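**Student:** coordinates only, sequence not included:
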Ligand SMILES: Nc1nc2c(c(=O)[nH]1)N[C@H]1C(S)=C(S)[C@@H](COP(=O)(O)O)O[C@H]1N2
Ligand SMILES: [Mo]
């Protein structure tokens, strides 16, 4: 056997061991999931596990100014008709505040001015919508990790539920989303108040919207009102963790 062959064999043995470990972890998770959830969810949990394993610590691709889309299109709600939102917008969002609540040591209410005074991050990323379009935009906002650092989620908090101001279906069902803690603390997860160097337009979610860059468009909740730390999102609305997840069985973990 040549030394390259020996090297390759060591590499393959290592891979097999890593694969075995992955499978074991996957099986444990499937077992745990089967006890509490429908069989349909198992595939999704497994793909989430594999995606997390492959994507752990990875960053979504970032682009340059030259890559920016000429206009960043809006989708879904573009102008909330809800009276409460319209009153806030009319006052230039001076009376708006983001509530951080639920399983946190320090519940917070943060005004737009307070959020703008916090450390900011700007990133140029590609937004992918399941409806079949993409756009590259430059987002500016405060890292969610910074806000979580102030609010201090309790150890039992596993998810963040994002409550939005816009109701769908003629006023009954609110748009909402949820993400796991790992995405909450990810460096590219920001609460954005700026798009392409200007204030975030109403069409794109003013005064504040989520950017969670390793997931599909519907996870990027616009018109944020509150972020709630929870152990489970099952008790909210349809129980699947988001408006489109409830409505059309979109996957909760929408990894790109
Ligand atoms: N509150 C709220 N957030 C939302 C939506 C919505 O209708 N309401 N639509 C989602 C979908 S499907 C997409 S693709 C993006 C669109 O963001 P944009 O309007 O900035 O393009 O917002 C997401 N977040
Ligand atoms: Mo979308």
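**Tutor:** That came through, no problem. Keep in mind the model is a prediction, meaning the values are calculated, not measured. Ligands and ions are numbered 1, 2, ... in the order given.
**Student:** and residue 127, what element?
**Tutor:** Assigned by DSSP states H and E, residue 127 belongs to strand 121-129.
**Student:** That strand vs ligand 2: in contact?
**Tutor:** Yes - looking at strand 121-129 against ligand 2 by C-beta under 5 Å from the ion, the contacts come from residue 129. C-betas here are computed from N, CA, C, even on glycine.
**Student:** Could you list the residues in contact with that strand?
**Tutor:** The contact list for strand 121-129 (C-beta atoms under 8 Å, 6 or more residues apart in numbering) reads 60-65, 67-68, 72, 75, 134-143, 187-188, 190, 194, 211, 213, 216-218, 220, 256.
**Student:** Which residue ranges of the stretch 51-200 of the chain form strands?
**Tutor:** 97-102, 108-111, 121-129, 133-143, 159-168, 173-180, 189-195, 198-199 (DSSP state E, counting those that start in this stretch).
**Student:** okay if I get these as a markdown table plus distance to residue 237?
**Tutor:** What follows is those, written out as a markdown table (distance: least, C-beta to C-beta, whole Å):
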| stretch | distance to residue 237 |
| --- | --- |
| strand 97-102 | 15 |
| strand 108-111 | 23 |
| strand 121-129 | 21 |
| strand 133-143 | 25 |
| strand 159-168 | 9 |
| strand 173-180 | 6 |
| strand 189-195 | 22 |
| strand 198-199 | 30 |
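**Student:** Let's have those in CSV, adding distance to ligand 1, mean neighbour count and mean pLDDT.
**Tutor:** Shown next, in CSV, are these (distance: least, C-beta to the nearest ligand atom, whole Å; neighbours: other C-beta atoms under 10 Å; pLDDT from 0 to 100):
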stretch, distance to ligand 1, mean neighbour count, mean pLDDT
strand 97-102, 14, 19, 98
strand 108-111, 18, 16, 98
strand 121-129, 4, 17, 98
strand 133-143, 7, 20, 98
strand 159-168, 4, 23, 98
strand 173-180, 4, 22, 97
strand 189-195, 8, 23, 98
strand 198-199, 13, 12, 98
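**Student:** Which one, of those, ends up nearest to residue 249?
**Tutor:** Closest to residue 249 of the strands of the stretch 51-200 of the chain, according to C-beta to C-beta: strand 173-180, at 15.1 Å.
**Student:** what's in contact with that closest one?
**Tutor:** Outside strand 173-180, the residues that touch it by C-beta under 8 Å, 6+ apart are 76-77, 158-164, 166-168, 189, 210, 212, 215, 218-223, 230, 233, 236-237, 241-243, 252-253.
**Student:** so does that strand get close to ligand 2?
**Tutor:** No - between strand 173-180 and ligand 2, judged by C-beta under 5 Å from the ion, nothing touches; the nearest distance is 11.4 Å.
**Student:** between that strand and strand 159-168, how many degrees?
**Tutor:** 160 degrees (axes from the mean of the first three to the mean of the last three C-alpha atoms, to 10 degrees).
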